[in-house]
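[1] Kindly return the folded structure for what I paste below:
(one chain, ligands or ions: 3)
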Amino acid sequence: MTFENLLSPINIGTLKLRNRVIMGAMGCGTANDNATVSECECAYYAERAKGGVGLIITEVTRVNNETGVMSPRQTSAATDDCIPGLAKLAEAVHFYNGAIFVQLHHPGRQTDNMAIGGRATISPSGIPSMLVQSECREMTNAEIKSFVQDYVDAAERAYKAGIDGVELHGAHGYMLNQFFSPLTNKRTDEYGGSTENRARVVKEIIEGIRERVGRDYPVTLRISADEFLRESMFPFQEDGLLLDEAVEICKYLVPFGLDAINVSAGIYETMNQAWEPISFSEGWKIYLAEAIKKAVDVPVFGVGVIRNPEFAEKIIAEGRVDGVTIARGLLADPDWVNKAAAGRVDDIRRCISCLNCMDSMIINGMKGEPFSCAINPRAAREWFYNDARQDGNGRLVVVVGAGPSGLAAAQELAERQFKVILFEKSGELGGQLCLANKPPHKDKINWLISYYETQLNKLGVEIRLNTPATIDAIKELAPYAVFVGTGSESIVPQSIKGVNNANVCTSTDILTGKVNLTGKKVAVIGSGMTGVETAELLETQDNEVVVVEMADRVGPDASWQSFSDVQARLIKFGTVFMPSHKLVEIGATAIKLEKTSGECVDLPVDYVVLSLGVKADKTLADEIAKVFDKVVNIGDTAQIGRIANAVETGYVAAYQLA
Ligand SMILES: Cc1cc2nc3c(=O)[nH]c(=O)nc-3n(C[C@H](O)[C@H](O)[C@H](O)COP(=O)(O)OP(=O)(O)OC[C@H]3O[C@@H](n4cnc5c(N)ncnc54)[C@H](O)[C@@H]3O)c2cc1C
Ligand SMILES: Cc1cc2nc3c(=O)[nH]c(=O)nc-3n(C[C@H](O)[C@H](O)[C@H](O)COP(=O)(O)O)c2cc1C
Ligand code: SF4
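    Ligands and ions are numbered 1, 2, ... in the order given. I've put the predicted structure just below:
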């Protein structure tokens, strides 16, 4: 397939893009402490420009440093001292013939009071976000006029810096979205009421920018064309902004000087519709962009789980959208466009929608560190891992274990031109990925397994399947270094009476199909991601499932988005959740659970599935460490974690091998 539509140029106003792929904005947390653009940020975006993307949209960029702050190392365009950094960024992207817009943003009510110096957040009607729950107050009419000027001033700074255009962030429940939406805008002045009044603030921003920098400077709008409140786990009593009205807003605003529309969906309380967990299918919300495209005469871009060039090509060829916006796909693989153009589709490392990037944006953000990608350890770290050395000189490295840590290590070592022999005791690559792909809706995990399989074969890694590594076998090879990624195994606490009974197994047994249950009443013990995903598989196999959790809430350590996605489906199945209950004894027909109060209850069940986490078996690792000089433990063998930990430890150790 040649992707002739996807790779054909398109104009956004006066700006000609080299193809129809836009990199969607992602909060990356790579700016300097004073919110100016850093070298790390330039390298991160430059890598995507080098990878061939048509247009890059930066992360949410502040237009106001007082009420408009979201996170510590977020880029700002709110003051003139930001102009030199933005100019450097423009240069870095232009060097690779790319184009870049700054996404101008104000969070309104969707930020923490502490992030804005303890102030109340501001929004059109002072209604607090149910998710963020920050104190919030209504903006005065004068404040709105000043806010418009903030946007105009920031756009002028981008213009002066040589940035190619600006995207007004009117999506995802932030300030401009708060003005658009009848949920958050109950004003009775000229900025509230009718659709036009609710869009007025953006009209004034566009007019102000046009007055300042002329008609030719590209200005686009990102809009959540449906807030999906009906899908929320929060108790909304109204519909918020729906597609029909979003279409009207776009029709109304375009004539004031918008050059393109970038269509997304969702607000914080419906963030699974904004940045989707693994269960959402490719391009599921493209129909929103399609509807807007029918109503306006400027290019319209659609977003959401676009992972394959074939899919992107198809929706453009069918005239549903003018181009695609890809966010996480370009985080996971900055060379997505170049690989598609070269017909190397199999080489694309497709994003698996695990949302580690979003979780890390929040957690790392608090520590002042950039976000990260579970499967691309260089993402937002291109500045640090910038040395593509080929210095292995054929020296032999043995990698033990073909889980994600071993696979990532083998790939980097082979790229450095070490000779790699990979021992795997099972008959397939992937380690626990071959369990992670079994629950419903998790087939994207297979993309990662096949990516590594393709890469390792191309790189000439010698893969020895069905071959447990032994000290003797490794000794015979006299390796320069040994990497040990033997993973982990399920925890089965012997302190629980009856844990070895015939009616007890682990989630691994269910996922591998070693134990097949149907028509049974099953207690899944432990409500981490593996527990609830196993529960879902059991529900699809016609079992009646109870999830038992010792902590006072289910999914205590799980990522909220991914967990709530599975939980919502389990609720529909009728799964019962029992937090604050600790398993103490297993009998043939019932289990004994201890409540936080110390009281014990009996729960009749046929079968018990333990999902109590994993522990590393380091026996082999310890033996290897005694015999060989250069030994590195990676993945769960080094530290129990998830894919992100496995891939990062494998890659970094291979990158650093001296
Ligand atoms: C059901 C389930 C779902 C999951 N879902 C997710 C998810 O959605 N997202 C996420 O981030 N993480 C998920 N995880 C966790 C993730 O899969 C693990 O964190 C990751 O696989 C750990 O990688 P690893 O390389 O350290 O070890 P493993 O994946 O455990 O791989 C170790 C490999 O070493 C091999 N091995 C062991 N001993 C030897 C030996 N002596 N010789 C040769 N080979 C040996 C094993 O056969 C295995 O293939 C899930 C885990 C499970 C069980
Ligand atoms: C970590 C992360 C940060 C994001 N930050 C922004 C942002 O700053 N501005 C924005 O408009 N959208 C943001 N988004 C949404 C993405 O631009 C995109 O719309 C969404 O992830 C769905 O598209 P994808 O499947 O191609 O990633 C973010 C998404 C993620 C995962
Ligand atoms: S962290 Fe996960 S969701 Fe985010 S870009 Fe990487 S693979 Fe995709």
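[2] Could you use CA atoms for every contact and neighbour count after this?
    Noted.
[3] give me phi/psi at the residue in the stretch 351-500 of the chain positioned nearest to ligand 2?
    When scored by C-alpha to the nearest ligand atom, the stretch 351-500 of the chain has Met358 as its residue closest to ligand 2, at 3.7 Å. The phi/psi pair for Met358 (degrees, to the nearest 10) reads phi -70, psi -50.
[4] Help me confirm that Val532 is found in a strand?
    No - under DSSP: H, G, I helix; E, B strand; the rest coil, Val532 sits outside any strand and is assigned helix.
[5] Could you tell me which residues make contact with it?
    Going by C-alpha atoms under 8 Å, 6 or more residues apart in numbering, Val532 touches 547, 563, 566-567.
[6] Keep the residues you listed, but drop any that are not near ligand 3.
    The subset of the contacts of Val532 lying close to ligand 3, counting by C-alpha under 6 Å from any ligand atom, is empty.
[7] Most neighbours among these, please name it.
    Within the contacts of Val532, Val547 tops the neighbour count with 23 neighbours, counted by other C-alpha atoms under 10 Å.
[8] Mind checking which of the contacts of Val532 land in helices?
    In helices, defined here by DSSP state H, the members of those are 563, 566-567.
[9] Generate JSON lines for the contacts of Val532, with pLDDT as supplementary columns.
    As requested, those are exported to JSON lines (pLDDT from 0 to 100):
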{"residue": "Val547", "pLDDT": "98"}
{"residue": "Phe563", "pLDDT": "97"}
{"residue": "Val566", "pLDDT": "98"}
{"residue": "Gln567", "pLDDT": "97"}
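[10] show me where pLDDT drops low in the stretch 251-400 of the chain?
    Across the stretch 251-400 of the chain, nothing is flagged by pLDDT under 70.
[11] Could you tell me which residues of it lie near ligand 1?
    354, 400.
[12] Show me which residues of stretch 497-504 are buried.
    Neighbour counts over stretch 497-504 (16 or more other C-alpha atoms under 10 Å) mark 498-499, 503-504 as buried.
[13] just to revisit the earlier point, what's the closest of the ones in helices among the contacts of Val532 to ligand 3?
    Ligand 3 lies nearest to Phe563 out of these, by C-alpha to the nearest ligand atom, at 14.2 Å.
[14] these two touch, right, that closest one and Met529?
    Yes - between Phe563 and Met529 there is a contact under C-alpha atoms under 8 Å: 6.5 Å.
[15] Residues that sit against both of the two, list them.
    Common contact partners of Phe563 and Met529 (C-alpha under 8 Å, 6+ apart): Gly555.
[16] ok, back up a step: can you tell me which of the buried residues of stretch 497-504 are in strands?
    Among the buried residues of stretch 497-504, the members found in strands (DSSP state E) are Val504.
[17] need the buried residues of stretch 497-504 in a markdown table with pLDDT and distance to ligand 2, can you?
    Output for those, formatted as a markdown table (pLDDT from 0 to 100; distance: C-alpha to the nearest ligand atom, whole Å):
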| residue | pLDDT | distance to ligand 2 |
| --- | --- | --- |
| Gly498 | 97 | 44 |
| Val499 | 98 | 40 |
| Asn503 | 98 | 41 |
| Val504 | 98 | 38 |
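[18] ok, and which of the buried residues of stretch 497-504 reach ligand 1?
    Okay, of the buried residues of stretch 497-504, nothing touches ligand 1 (C-alpha under 6 Å from any ligand atom).
[19] near ligand 2, which residues of this structure?
    Within the chain, the positions adjacent to ligand 2 are 24-27, 59-60, 264, 274-275, 303-306, 326-329, 357-358, 361 by C-alpha under 6 Å from any ligand atom.
[20] before we move on, back to that, let me know the closest of the buried residues of stretch 497-504 to ligand 1.
    Val504 (17.0 Å).
[21] Please give me every residue in contact with the closest one.
    If you count contacts by C-alpha under 8 Å, 6+ apart, Val504 has them with 607-610.
[22] Tell me if I'm right that Leu15 and Thr220 touch.
    No - judged on C-alpha under 8 Å, Leu15 makes no contact with Thr220 at a distance of 11.8 Å.
[23] The two: which has the busier surroundings?
    Ranked by neighbour count (other C-alpha under 10 Å), Leu15 and Thr220 place Thr220 first, with 27 against 15.
[24] how about the more buried one, secondary structure?
    Strictly by three-state DSSP, Thr220 counts as strand.
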